[in-house]
Structures are given as structure tokens and as C-alpha cells.
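Peer 1: Next come a sequence and a model predicted from it.
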Amino acid sequence: MKLYNDLTRRKEEFEPLVPGEVRFYVCGPTVYDFFHIGNARPFIVFDVMRRYMESTGLEVTYVQNFTDIDDKMINRARDLGITVPELADRFIAAYYEDADALGIHRATVNPKATEHIPEIITMVEKLIESGHAYVSEGTVYFEVSTFPEYGKLSKQSLEELQSGARIDVDERKRHPLDFALWKARKEGEPFWESPWGPGRPGWHIECSAMATKYLGETADIHAGGSDLIFPHHENEIAQAEAATGKPFIRTWVHNGYLLMDNEKMSKSLGNFLTAREMRKRFSPLAIRLFMLSAHYRSPINFSDDSLRQATAAVERLRNCWTALEEAKAAPIEKADGGPHGLVNEIGRLRDRFREEMEDDLNTAGALGAVFEAVKAINSALRESPALGPDTLGEAEDFLKRTDEILGVLGIGKESESGPSDEEIESRVSERAAAKKNKDFKLADAIRSELLEHGVILEDTSQGTRWKRQI
RNA sequence: GGCGGCAUAGCCAAGCGGUAAGGCAGAGGACUGCAAAUCCUUCACCCCCGGUUCGAAUCCGGGUGCCGCCUCCA
């Protein structure tokens, strides 16, 4: 497939270093709070990227870290009156709850920074030995001027980066852009012993250390939000490549921001909505479809209206699936009366879906293919000679396979809230009796009562069908 | 100041030189006790001005507007 590589600023044919195996790293959350839906964007789109790769037969080692020690962790733990590890445990658990609910597949590994202190120390030592880092008052800095390629990801020279800089002057640094690999201990902060005295790792080093540990010195893909390009990813490259002498990452991919009222959603601006709150208001399926309805590198603007539109779109998808299941269950004696045109159409759309996904993960285009299939299926379904099992199977297979990648249909994930199936069934039969007696007033009352409980009734020629609201 | 992104119908959005996917909403029709679902029909000359080309939403130049990174941030 083709991927846009931020290192070369070009769309390139992606070929894993080792044929058939992809080493994929995604920057994960700092676990000091619930993640918000802006944070959720990379989790979801790179989950889809990974699923697509897996669907083509690639074996993906997918690593997403937890940053469980940094300033934000320390401050938050202090505010809450708990220890940093307690804080981390709490929000790692919350991360899994939210991410699982959003249908994000679990990573191969979720390494934590605090569990990789030895690896981090080893890497820092290497950098000091090779003259890329220096110690100043117990803090170790990476010396950017020793890495001539510094700025190759953000396409900025040291001078350019510096001129616009809003960095505090720090006389312990040799260059304003030098950054901490290891921070000397401060009173009241967690610390680990190191050759330079007690302290804790800097932010950037954990990713370099963990990525090389789990994926080797050169990995295929490293992903994250665009705001990580500088300084985080730039620094990761500098550290890792200075330490190993090998290219760190072959393809860098970054997602665009999620905006709220046309401004970047961020904790510091305060214009954020946690995934947790979001889940109360909208179905995870709708949230996923919303995220996938635009290209992953474009900005998307969050709004209630967008989510409502996504919800309606998901319903259309699910209605089609339900109709297909019903058609399959219906007794059909006759076999396929020869190949149906739908089979060809589905075949065409399979190709189209793949082409869109191959083109830098164009999920919006791929969704277009899915919806075209939905239209074709619905249309074929209402034709008079019923579709044979082969044709139905083909349609079902298409939806199933594309959904294994996109995860917007919720096959097998029906909501269980509200009245029990038995209660609903019994109300539906009551209503059927009422209808038979032409007591439409009662029938309508039952229908609206169930609707209030999140159950939608639809009368068809085969009787009443019900479904739960998503 | 440097680097980068975006501007397509009422809304969301694909499109990467060959005459505008798809979704939501709307209108008309079919079906229906009603509603819903579904189907059929309908709904855009692509921010502006130049240029290249037989041909441009798509390429080039110049504008305008919006957003982001250069500090923690997905």
C-alpha cells in the first residue's frame, strides 16, 4: 500500500523491512487523565491501518506505550493526593475501558516507561560515550549540534527552530534546543538510581528505548499526532540514530488534529470532550465512523451535528446487515437462479475498497464503496425472486470483511441495555394482536413506549421487526 | 520570521489533468392503518484573479480567508 511518509514528504509504496512483517509503533497516552476524543483519533485511525495491513496477510507487531512518568503525572498525582504509580494504574485501566469500548484492538505490547528504566539508562550511557550527550548537575542533555541531521523530520534547521523558539534560557544547556534525556531528581518526586545520580527519564527517550527494544533498531512505522513531529519525534530520531547509527524509522505517519469549534482540541485550551463523556452521548460505532469519514491526515471538526450524521449513517449500514440476515434466515427452497448481478457489483466494490485503503488509507473513499454496496444489496433484496444463498453469502462476506477493518457495523456487539428480549417480544405480540383488532391507538402507544426505552419497531410484510437504538 | 495544512452542494466528505464518489438533511413518487425501513427520481460547474493545456476542482503564479507546529499536547 501507499503511505504518506512525513520524512520524505511524499506518498511512497510501503514495503516492510522484513517481508511479511510490519513493526509498527504508535505514541500512546500519558496516563494522567481520561483521554479525549482528539487523543482517540490516532488510536482509531492507526488501529484501522493496522487491521488493514493484517487483512492483507501481514503480521503486524503493534506497540503502543504508556507514558507513566513525567511532569503531568507528578503534578496530577500530587493534586489527587496519590502516588504516581497509583495514578498510572487508575488511568491505564480507564484507557483500556474506553479503548475497548471504541473497538480499538489491543496492541501486541503496551510498554510502560517506568518498566524500562534499565533500557533507557543504557541508551543514555551510549549517547554519553559517543559524545552526543553531556551531564550537567545530574541532568543529562542530548547535544543537538552533534547530530547533523537534526531537523530532518520537521524540515527546520537549528537556526530556524531557534529563531521562533519560546524556550526558556537555561544556562545548564550548551544549546537552547538541547533536551533532557535524564532529569536530576527534585525533592518529593519519584526517582530511580542512575550513573548520574537519582532522577527520572526525559519524555522523548522512553519511546526511542522502547521502540528499539520491541521493534529493533530500525522499525517500519512510527505514528502519532502531528503535534508530535516537533519536538518529540525529531528528538526520538536524534537519540535513537545517534545511539545505534542506524535509521530509526522508515516511515513516519501523522494524523491531523481533531478540532472543536475550529480550534485544535487540547487539554491546555480546555475545549475537550473525553472519550468517556462522548460514549455516553454517541455510539462507539458512530464515533468510529465519524473519525473514518475524513482522511486521517486532514483536520476534522467535531460537532454534535457531525456525530448525528455519523449515527444515521451507521444505522443505514446496520439496517442493511439486518435485512441480509433476515433474507438468509427466510426459507428459500430454490438455489441461485444463476449468477446475480449483485455478485459482480460486490466484486467491483471489493476492488474499489482495497484500492482506496491502499491509497494512504483513504477510509472516506473506502466507506463510499461500502455504502455503494449497501445500496446495491438493499436494491437487490427487494427484487422479486429472492436471492439465492450464494449471492446472499457474497454480500454478507463483503460487509463482514470490510467491517473487520473499519469496525463500524458492530456485528455481534448488540447493545444489551433497556428491556430484555423477552419483554420486548411480549410487547410486540401484544401489539400484533392490537393491530389485528385494528386497535391502532394501542399499537401506536406500545410502539412509542418501546421507543422511549430505546427499542425501534418496524412493521414489515413479514411481521414486526425490532431493534435496539445504537 | 521559518515550516506545514486547509478552502468541493444546506451540512460532512472523496477526488491528484478528461469533464464532480458516498453519507446526512431536503423535495417528489412507490410501499404502508400510521410510522419506520427500503427502493426510484431530484439536489454542485469545485474561494477569487491570471496562466499552462485540445481539456483543470485537479498543474503554475498571484490574492483572500481559516487552522496548526516552532513550549506540554494525539
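Peer 2: Cool, got the structure.

Peer 1: Now chain A against RNA strand B: closest residue?
Peer 2: A:Gly225 (1.7 Å; C-beta to the nearest atom of the strand). Using the backbone N, CA and C atoms, a C-beta is placed for each residue, glycine as well.

Peer 1: burial of A:Ile121, as a residue count?
Peer 2: 21 (other C-beta atoms under 10 Å).

Peer 1: Give me the pLDDT value at the residue of chain A closest to RNA strand B.
Peer 2: Note for A:Gly225: predicted pLDDT of 94.

Peer 1: just A:Gly418 next, same as before
Peer 2: With respect to pLDDT, A:Gly418 scores 82.

Peer 1: Please verify my assumption that it contacts A:Ile456.
Peer 2: No - using C-beta atoms under 8 Å, A:Gly418 makes no contact with A:Ile456, being 10.9 Å away.

Peer 1: Identify all contacting residues around the lowest-mean-pLDDT helix or strand in chain A.
Peer 2: Of the helices and strands making up chain A, the lowest-confidence element is helix A:158-163, at a mean of 82, by mean pLDDT, DSSP states H and E. Residues from elsewhere that reach helix A:158-163 (C-beta atoms under 8 Å, 6 or more residues apart in numbering): A:144-145, A:150-151, A:154, A:175-177, A:230.

Peer 1: and RNA strand B, which of the residues you listed contact it?
Peer 2: A:154, A:177, A:230 (C-beta under 7 Å from any atom of the strand).

Peer 1: List only buried entries from the residues you listed.
Peer 2: By neighbour count, with 16 or more other C-beta atoms under 10 Å, those hold A:154, A:177 as buried.

Peer 1: For A:Arg250, give its distance to A:Ala238.
Peer 2: Distance, A:Arg250 to A:Ala238, by C-beta to C-beta, to the nearest Å: 17 Å.

Peer 1: Neighbour count for the two, which is higher?
Peer 2: Between A:Arg250 and A:Ala238, A:Ala238 has the larger neighbour count (other C-beta under 10 Å), namely 28 against 19.

Peer 1: does any bit of the top helix by length along chain A sit next to RNA strand B?
Peer 2: Counting by DSSP state H, the longest helix found in chain A is helix A:304-329. Yes - applying C-beta under 7 Å from any atom of the strand, one finds helix A:304-329 in contact with RNA strand B at A:305-306, A:308-309, A:312-313, A:315-316, A:319-320, A:323.

Peer 1: Give me the buried entries from the residues you listed.
Peer 2: Burial by neighbour count, 16+ other C-beta under 10 Å: within the residues of helix A:304-329 next to RNA strand B this picks out A:306, A:313, A:315, A:320, A:323.

Peer 1: Paired strands for whichever strand or helix holds A:Thr464, with orientation please.
Peer 2: Under the criterion of DSSP states H and E, A:Thr464 resides in strand A:463-468. Its sheet considered, strand A:463-468 pairs with strand A:455-460 (antiparallel) by DSSP bridges.

Peer 1: Check the contact between A:Ile456 and A:Thr464; I expect there is one.
Peer 2: No - taking C-beta under 8 Å as the definition, A:Ile456 is not a contact partner of A:Thr464, at 10.6 Å.

Peer 1: And the spatially closest residue to A:Glu315 that is not a sequence neighbour, how close does it get to A:Met123?
Peer 2: Nearest residue to A:Glu315, sequence neighbours excluded (C-beta to C-beta, 6 or more residues apart in numbering): A:Ile470, at 6.6 Å. Look at A:Ile470 and A:Met123: by C-beta to C-beta, they are 47 Å apart.

Peer 1: Give me the more crowded residue out of the two.
Peer 2: Neighbour count, other C-beta under 10 Å: between A:Ile470 and A:Met123, A:Met123 has more, with 25 against 19.
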